[in-house]
Structures are given as C-alpha cells and as structure tokens.
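Visitor: show me how the following folds:
(one chain, ligands or ions: 1)
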Amino acid sequence: MSMSKEPRPAVVVVGASRGIGRAIARVVARERRVVVLVARSAEELAAAAAEVREAGGEPFTLALDLVAHDAAARLEAFLTAQGLTCDVLVNSAAYGLRGAATALPADDQLGIIDLNIRALCDLTLRFLPGMVTRRRGGILNIGSVAAFTPGPYMAFYYSSKAFVRSFSEALHQETRRSGVTVTCVAPGPVETAFLQSSGADLTVLFKVLPRLTSDEVAKRAWQGFKSRRRLVIPGTSAKLAALFAALVPSALLSPLIGRLQRNGNDPCPCGSGKKYKKCCSSRAHQRRRDESRLVT
Ligand SMILES: NC(=O)c1ccc[n+]([C@@H]2O[C@H](COP(=O)([O-])OP(=O)(O)OC[C@H]3O[C@@H](n4cnc5c(N)ncnc54)[C@H](OP(=O)(O)O)[C@@H]3O)[C@@H](O)[C@H]2O)c1
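Guide: Predicted coordinates for the structure are as follows:
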C-alpha cells in the first residue's frame, strides 16, 4: 500500500542571496526550519545556504528571476518536487533607482513595478490561499519607511513601497481571523548593497538618517511576524520619520523630501536642460522659478 507523504512546511525567502532577506533566512534557520532561498545569483545562494545550515536550518536553493512571468509557477513546482509547501513567504526582493523620473530609463523604472509590486502580488496570490486553507503561516513583506511619503527623485521606489504597505495591511485585516498573519516591515536605511545600487547613498536624506544592520532588521521583522503584528517599524529614527510623515501635510513633505534627495548632477527641474547645481543659482533659473510656482 502506498502512503502519500504530507508536504513539509517551509519558509520561502525571496531575495535571499544578500542583505535583509539573507539575514532573515539566518534568523529563521535558528529555529531548525526548512528554508527555501530564492534569488537570481546561484553562487550567492549557495553561500546563503551554507549559513542556513550552519545556523541549524535545512536549506534548499532556487535560482530564479522573479520578474519572469512564470516565476511564481516555477517556484511552486520546485516546492512540490521537493515535497515542500510554502508555510511562510518572505518577500524581500526589490530594487530602487534614484533620479528624476523623466531622466531615468523608462524600462528600468517599470522594472521596479514588475519586481516590487507585480512579483510580490503574484507570489501572494499563489501561496496565501493554501495558508488560509491550512489555517497557519503567513507572509512577511519587507516594505520601507519610504511608504509613508511621496519620494521625489525616487518616485517609483517610494510609490512601490506605499503599495506594499497598503496591500499588506489590507491582507492582514482580511486574514487575521483565519490563523494566518500578514506583516509589513518598514525599515529606514539599512547597511546593504541596496544603498549603493539604488543610488540612495548619494542623497542628503540617506546620509543623515542613521542606518541599521540587516541582522537587526531581520531579528525585529521575524519577531514582529511571530507576534502577529500588522506593521513593524524597526528602530527609533524610522519610527520618528513615519510619525513626522503622518503629521506633516504632503504639500510640505514632498518638497522637503525632494530637496533632500536631489543631487547636484540631476537635470534642473526648471526645464533648462542643465545640471541642477550649475543652473540653480542662475538668473534664468530664478526667473523661471518666479514664473512657475511648480519649480522649487
Ligand atoms: N537597504 C535599505 O536601506 C532598505 C531600507 C528599507 C527597505 N529596504 C527593503 O528591504 C528589502 C531587501 O533589500 P536589501 O537592502 O536587502 O537589498 P539588496 O541587498 O539589494 O538585496 C536584494 C535582494 O533581491 C534579489 N533580487 C533582486 N532582483 C531580483 C530578481 N529580479 N529576481 C529575484 N531576486 C531578485 C537580490 O538577489 P539577486 O541579485 O541575486 O537576484 C537580493 O537577494 C527590499 O524590499 C528593500 O526595498 C531596504
């Protein structure tokens, strides 16, 4: 008589090859759980898997580009083939770009929507129904404190994180009586490769805000998820930033963030076509600014 084996519950971390995702994988591994590590770079995934094993977990790796439209289906097929089920999904894969929306390549900016929003939703729709049926597990979405304000000169990234926060909080409410948890984590700057790859480290804003380590964020994120929290904002400065954004009207907040994130090499918003640092003190810039209240 053949006995069909129950699939084993796994924590699936997407964006696990480095940064916050890799740190969360290490934290989860200490609980001796099965951890599935997903990202594009096979080499980095192998290194992350070694850390998971070292910490006491059982790692599986899958090199996958989450922007591919069949990515969620391929992840599910992988889990099935390994005799696993997605008990907890950690969405940590994302990218951002600093610069004026009109100056950055359109495809690169639309890619932010494909990864930070579309892929996250696709994975959610694929795995959340099973969690609700089993009445256990949940989703841990890594958002950002950027979710609380418009982000001039990082417009796509900030608005993608606003989506992640709103979507996560809505699903938290929908699933809270089903035994499932959906938690959004909203960190301020974290010392990872993201700060360089996005160009955020060139801005005054990211220079003045204190940075947490990915280990600190991972610990608080996982703790918050296990405590069934709706929203986790790790660190005092990120909490203050979120409070400030909630209290200050957008008409004041948006120009302030714009000033703090503008870089002198950006094209000047007055439309001169010159670099901001070359243009902003010129008479022609002052005249255009006086003519239009929109130019700062
Ligand atoms: N660092 C910060 O200051 C900060 C602050 C607030 C929130 N966050 C958020 O925290 C999360 C993690 O960021 P991080 O700082 O850890 O960034 P990171 O070090 O750049 O890590 C990003 C992860 O996403 C993966 N990834 C990127 N594109 C992918 C794709 N197309 N398919 C599959 N995987 C992909 C990367 O792996 P591969 O390149 O190998 O694919 C990597 O594992 C993000 O949601 C970010 O928005 C970061």
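
Visitor: which stretches in this structure count as strands?
Guide: 8-14, 34-39, 58-63, 84-91, 138-142, 181-185, 231-232 (DSSP state E).

Visitor: R230: how many residues sit nearby?
Guide: Look at R230: counted by other CB atoms under 10 Å, it has 15 neighbours. Heads up, the C-betas are built off the backbone N, CA and C, glycines and all.

Visitor: now the strands of the chain as a markdown table including mean neighbour count?
Guide: Converted to a markdown table, the strands of the chain look like this (neighbours: other CB atoms under 10 Å):
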| stretch | mean neighbour count |
| --- | --- |
| strand 8-14 | 24 |
| strand 34-39 | 26 |
| strand 58-63 | 19 |
| strand 84-91 | 23 |
| strand 138-142 | 26 |
| strand 181-185 | 27 |
| strand 231-232 | 19 |
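
Visitor: can you lay out these as JSON lines showing distance to the ligand and mean pLDDT?
Guide: As requested, the strands of the chain are exported to JSON lines (distance: least, CB to the nearest ligand atom, whole Å; pLDDT from 0 to 100):
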{"stretch": "strand 8-14", "distance to the ligand": "6", "mean pLDDT": "98"}
{"stretch": "strand 34-39", "distance to the ligand": "3", "mean pLDDT": "98"}
{"stretch": "strand 58-63", "distance to the ligand": "8", "mean pLDDT": "98"}
{"stretch": "strand 84-91", "distance to the ligand": "7", "mean pLDDT": "98"}
{"stretch": "strand 138-142", "distance to the ligand": "4", "mean pLDDT": "98"}
{"stretch": "strand 181-185", "distance to the ligand": "8", "mean pLDDT": "98"}
{"stretch": "strand 231-232", "distance to the ligand": "12", "mean pLDDT": "98"}
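
Visitor: which one of these lies nearest to F148?
Guide: strand 231-232 (10.5 Å; CB to CB).

Visitor: that closest one pairs with which strands?
Guide: strand 181-185 (parallel) (DSSP bridges).

Visitor: and the stretch 1-150 of the chain, which residues reach the ligand?
Guide: Selection of the stretch 1-150 of the chain residues close to the ligand by CB under 6 Å from any ligand atom yields 15-21, 39-41, 44, 65-67, 92-95, 115, 142, 144.

Visitor: can you show me the helices along the stretch 151-296 of the chain?
Guide: Assigned helices in the stretch 151-296 of the chain, in chain order: 155-175, 194-197, 204-208, 214-226, 236-247, 250-261, 276-279, 283-291 (criterion: DSSP state H, counting those that start in this stretch).

Visitor: list the buried residues in the longest one.
Guide: By neighbour count, with 16 or more other CB atoms under 10 Å as the criterion, the buried positions of helix 155-175 are 155-165, 167-169, 171-172, 175.

Visitor: and what of the fourth one?
Guide: Of the residues in helix 214-226, those buried under the neighbour-count criterion (16+ other CB under 10 Å) are S214, D215, E216, V217, A218, K219, R220, A221, W222, G224, F225.

Visitor: that older thread, turn the strands of the chain into a markdown table, columns for distance to L75.
Guide: Below are those laid out as a markdown table (distance: least, CB to CB, whole Å):
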| stretch | distance to L75 |
| --- | --- |
| strand 8-14 | 7 |
| strand 34-39 | 6 |
| strand 58-63 | 6 |
| strand 84-91 | 8 |
| strand 138-142 | 14 |
| strand 181-185 | 18 |
| strand 231-232 | 25 |
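
Visitor: to F194, which of those strands lies closest?
Guide: Of the strands of the chain, nearest to F194 by CB to CB is strand 138-142, at 10.5 Å.

Visitor: what's the pLDDT at N265?
Guide: Here, the pLDDT recorded for N265 equals 75.

Visitor: typo on my end, H285
Guide: At H285, pLDDT is 74.

Visitor: what of V204?
Guide: 88.

Visitor: what about it, how many residues nearby?
Guide: Residues near V204, counting by other CB under 10 Å: 12.

Visitor: kindly provide the distance from the residue lying closest to it once chain neighbours are set aside to the ligand.
Guide: With sequence-adjacent residues excluded and distances taken as CB to CB, 6 or more residues apart in numbering, V204 is closest to L260, at 4.8 Å. Distance, L260 to the ligand, using CB to the nearest ligand atom, to the nearest Å: 15 Å.

Visitor: quick one: contacts for L260?
Guide: Counting by CB atoms under 8 Å, 6 or more residues apart in numbering, L260 touches T203, V204, L205, V208.

Visitor: tell me where the model's unsure across the chain.
Guide: Low-confidence segments of the chain, defined by pLDDT under 70: 1-4, 269, 289-290, 292-296.
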